[in-house]
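Q: would you be able to build a 3D model of this:
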Amino acid sequence: MPGNGLITLRNANSALQISPRGAAIWRCLVDGEDLFRSPNESAAPGDDPLAPGVFPCLPWFGRLPNGIDIDGDQSPLAPTVRTRNLEAAIHGHGWTSDWRVIDQSSDDARLALNFAPSAGRFPFALSATLSFKLIESGVEARATLTNTGAAEMPFGLGFHPFFERRSATRLKLKATQLWTPPLATQRAKTGPIPDALDFSAPRELPRAEIDHSFIGFDGEAQIIDGAQTIVVKSDALFAHLFAPKGRPYFCIEPITQLPGRFGESILAPGESASLQMSVERG
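A: Alright, predicted model coming up:
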């Protein structure tokens, strides 16, 4: 594992490395095997925010190409990661910010972030904490966001884990409806889950690119790869599935806010919200 700038946690079965840059899980090994997508060994932690195995999405999830409009007051947002040629502000500022470690033991750690608004960035003051704890066969994480400003603040929370995608990989995920987010190639809509995206029983991912959210997520997804199973659990109401065509990875993302529907959840001044996720070998 690369070691520069990383926090390392260990227990009898697992090892976890966390990057304070982005409060991201760089790597998690369970019995010597990667739980998430293996990181690029040539990449230095913190240099590429898309390189870690998991990063947090806050204070919003998804793209905000037109910035934020609050009662007619427009706040434009700069692209988040210019080096990646992303066309819009995406997934908030947490994954590209420097967090500070406020508590750490052998098998858990807590990081904190204080954020002040500035030109081209989120126009509300906030604080956030990310806590990580190794469990027997994986990791638990919790993100907490607090409105530290004087006005009501729209928000969203999410975790963005990357998993290896192989020819034998199958997914099991139960939900009630499908949300198609607004993209250049698709209109936003809510509807029934089509057969091709019905993962109520384990099935392979379609070859076509998937970038959709599941409403009524029952809180658990299973990734079955041969004899091994990875179990993702969360208290999120939604799960977003991102499976780019032809790539050796995919993402199951627990989220509190549907992409394209930012502004529906509000925190009053001093109010907090949190999101929990655990990932472990079953």
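
Q: what sits against the residue nearest to Phe262 when sequence neighbours are not counted?
A: Nearest in space to Phe262, with sequence neighbours left out and distances taken as CB to CB, 6 or more residues apart in numbering, is Trp60 at 5.2 Å. Every residue, glycine included, has its C-beta placed from N, CA and C. For Trp60, the contact set (CB atoms under 8 Å, 6 or more residues apart in numbering) comprises 91-92, 122, 154-156, 257, 262.

Q: ok, Trp60 to Phe36 distance?
A: Plainly put, Trp60 is 23 Å away from Phe36 if you go by CB to CB, to the nearest Å.

Q: sorry, back to before: make a PyMOL selection of the buried ones in the contacts of Trp60.
A: To isolate the buried subset of those in PyMOL, counting by 16 or more other CB atoms under 10 Å, use the following:
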select buried, resi 91+92+122+154+155+156+257+262
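
Q: what are the contacting residues of stretch 173-181?
A: With CB under 8 Å, 6+ apart as the test, stretch 173-181 has contacts from 62, 186-194, 197, 199-200, 211-218, 220-222, 238-239, 241, 252, 258-261.

Q: buried stuff in that stretch?
A: By neighbour count with 16+ other CB under 10 Å, stretch 173-181 contains the buried residues 173-175, 178-181.

Q: which of the contacts of stretch 173-181 count as buried?
A: Among the contacts of stretch 173-181, those scoring as buried are 62, 193, 197, 199, 211-215, 217, 221-222, 238-239, 241, 252, 258-261 (criterion: 16+ other CB under 10 Å).

Q: of those, which belong to strands?
A: 211-215, 221-222, 238-239, 241, 252 (DSSP state E).

Q: need the max-distance pair from the residues you listed.
A: The span of these, defined through CB to CB, is set by Asp211 and Gln222 at 20.8 Å.

Q: residue ranges of the strands in the stretch 1-150 of the chain, please?
A: With DSSP state E, counting those that start in this stretch as the criterion, the stretch 1-150 of the chain has strands at 7-10, 14-19, 24-30, 33-34, 54-57, 63-64, 68-70, 73-75, 89-90, 100-104, 108-115, 126-135, 138-147.

Q: save these as TSV, and put in mean pLDDT, distance to Gly246 and mean neighbour count too.
A: Conversion of those to TSV gives the following (pLDDT from 0 to 100; distance: least, CB to CB, whole Å; neighbours: other CB atoms under 10 Å):
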stretch	mean pLDDT	distance to Gly246	mean neighbour count
strand 7-10	96	34	16
strand 14-19	96	27	24
strand 24-30	97	24	24
strand 33-34	96	21	12
strand 54-57	98	22	27
strand 63-64	92	21	22
strand 68-70	88	33	15
strand 73-75	90	36	11
strand 89-90	94	21	22
strand 100-104	98	38	12
strand 108-115	98	34	19
strand 126-135	98	32	21
strand 138-147	98	28	22
